[in-house]
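show me the folded form of this:
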Amino acid sequence: MNGEKELEIARERVIDAISKNMNLYGVTESIGRLYGALYFQEGPLTLDEMKEELGMSKTSMSTSVRSLLELKMVGKVWKKGVRKDLYQAEPDWYQTFIDFFTIKWRTGISLNITAMQKSLLELQTLLEDKKIDIHVKNQVTIDIEKLTSALEYYEWLNRLVDSFESKEIFDYIPKNADKKTAKS
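Numbering: from 1, shown residues only. Below is the predicted model of the structure:
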């Protein structure tokens, strides 16, 4: 048919670019190819249909789909009369970014805050010890200041992540650059 080859070339170019950049999401190029292929599908696919489309093993396909589900880049869909699981790419790239960003950053923020708070308590206790060397005491004081400053950063970062989850970020940076509704 006329134009099919050109359509395939245009799609393949985008799928290739997506797959090469999937390392930003912490996944492999093959998982990126799967997402790209699903993105251009008109409807949801089963694992068998995806396996056939991409030529991957069923085990590899299952692992890839699970990774995309965890990143919320793909969702399970239900279709009357179909007994197998169906999967479809999340078409809203803004939401995909928000989900990925918030999942990853919340984990990192929580891990760092917990470690810093625990260390701050230990350093405060050490600072109160009358027997500690003055040089160590000075280092402890400096570390407490550093960790307090870092915790302020993580409080800010939490508010930034909140703005993505609430979509308030779009008040400041609209989805469409032509819209002049951004707050000054």
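
outline the domain layout of this protein.
Under automatic domain parsing, the residue ranges defining each domain of the chain are 4-91, 94-172.

starting at the chain centroid, how far to the shortest one?
The chain centre lies 20 Å from the centre of domain 94-172; the measure is Cα atoms, centre = their mean, to the nearest Å.

span of that domain from start to end?
Start and end residues of domain 94-172 are separated by 14 Å (Cα to Cα, to the nearest Å).

and the helix or strand of the chain with the lowest mean pLDDT, what other elements does it pack with?
Of all the helices and strands that make up the chain, helix 47-54 has the lowest average by mean pLDDT, DSSP states H and E, namely a mean of 86. Contact partners of helix 47-54 among helices and strands, from 3 or more Cβ pairs under 8 Å, 6 or more residues apart in numbering; DSSP states H and E: helix 29-39, helix 58-70. Heads up, the C-betas are built off the backbone N, CA and C, glycines and all.

show me what the longest helix along the chain is packed up against.
In terms of residue count, the longest helix belonging to the chain (DSSP state H) is helix 93-128. Applying 3+ Cβ pairs under 8 Å, 6+ apart, we find helix 93-128 packed against helix 134-165.

what residues sit buried inside the helix it packs on?
By 16 or more other Cβ atoms under 10 Å, the buried positions in helix 134-165 come out as 140, 144, 147, 154, 157, 161, 163-164.
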